[in-house]
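Trainee: Return a 3D structure for these sequence lines:
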Amino acid sequence: MNFPDNLKYTREHEWLRTEGTEAVIGITAYAQKELGDIVFVDIDTEGETLATGERFGTIEAVKTVTDLFMPVSGTILSVNPVLESAPETINKDPYGEGWMIRIHLDDPAELDGLMSASVYEAFTKE
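Mentor: Numbering: from 1, shown residues only. Next up, the predicted model:
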């Protein structure tokens, strides 16, 4: 399983990559593997400011529907347009083309509360 070192991770299996005062967020390879074939992504929170832990959308797989949660507080700047017509991109490339949202970080200090790759990898084995 792939756990890129340049990302931060949550207990809800989202990843976050910082780019200055912005961050890109998606779900981990572990999450997409557990979900199975992803068939629909619903993110209707573009432009909204959400707090850490708030729901920013849902993801539907053949097996289940699950909520997506904000790893840190911020304003959603954009949603990946590829996911509307090709949600399976998340299964193929969860850390690249399968990203979900781009946000403006409200408080970069919140990043300290997220897991490193090694801690997240250990978490997935519990």
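
Trainee: now the residue positioned nearest the centre of the chain, what's its secondary structure?
Mentor: By CA atoms, centre = their mean, the chain has its centre lying nearest to residue 26, at 2.4 Å. Under DSSP: H, G, I helix; E, B strand; the rest coil, the three-state class of residue 26 is strand.

Trainee: Would you confirm that it contacts residue 102?
Mentor: No. Using CB atoms under 8 Å, residue 26 is not in contact with residue 102; the gap is 10.3 Å. (Each C-beta comes from the backbone N, C-alpha and C, glycine too.)

Trainee: picking that back up, if the residue nearest to the centre of the chain is in a bridge, with which residues?
Mentor: On the basis of DSSP bridges, residue 26 is bridged to residue 15.

Trainee: residues contacting residue 52?
Mentor: By CB atoms under 8 Å, 6 or more residues apart in numbering, residue 52 lies in contact with 70-73, 110, 113.

Trainee: mind giving me a markdown table with those and columns for pLDDT?
Mentor: Putting the contacts of residue 52 into a markdown table (pLDDT from 0 to 100) gives the following:
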| residue | pLDDT |
| --- | --- |
| 70 | 97 |
| 71 | 97 |
| 72 | 98 |
| 73 | 98 |
| 110 | 97 |
| 113 | 96 |
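
Trainee: Just the buried ones from those residues?
Mentor: Neighbour-count burial (16 or more other CB atoms under 10 Å) applied to these gives 70-73, 110.

Trainee: quick one: the strands in this structure?
Mentor: In the chain, the strands defined using DSSP state E lie at 8-9, 14-19, 22-27, 38-42, 49-50, 55-61, 65-69, 74-79, 101-105.

Trainee: Could you tell me the angle between the third one and strand 38-42?
Mentor: Spelled out, it's strand 22-27. Here strand 22-27 points in a direction 140 degrees away from that of strand 38-42 (axes from the mean of the first three to the mean of the last three CA atoms, to 10 degrees).

Trainee: let's number from 868 now, not from 1
Mentor: With 868 as the first residue, the last one maps to strand 889-894.

Trainee: ok, residues contacting strand 889-894?
Mentor: Identification of contacts with strand 889-894 by CB under 8 Å, 6+ apart yields 880-884, 902, 926, 935, 937-939, 941, 944, 957, 961-962, 965-972.
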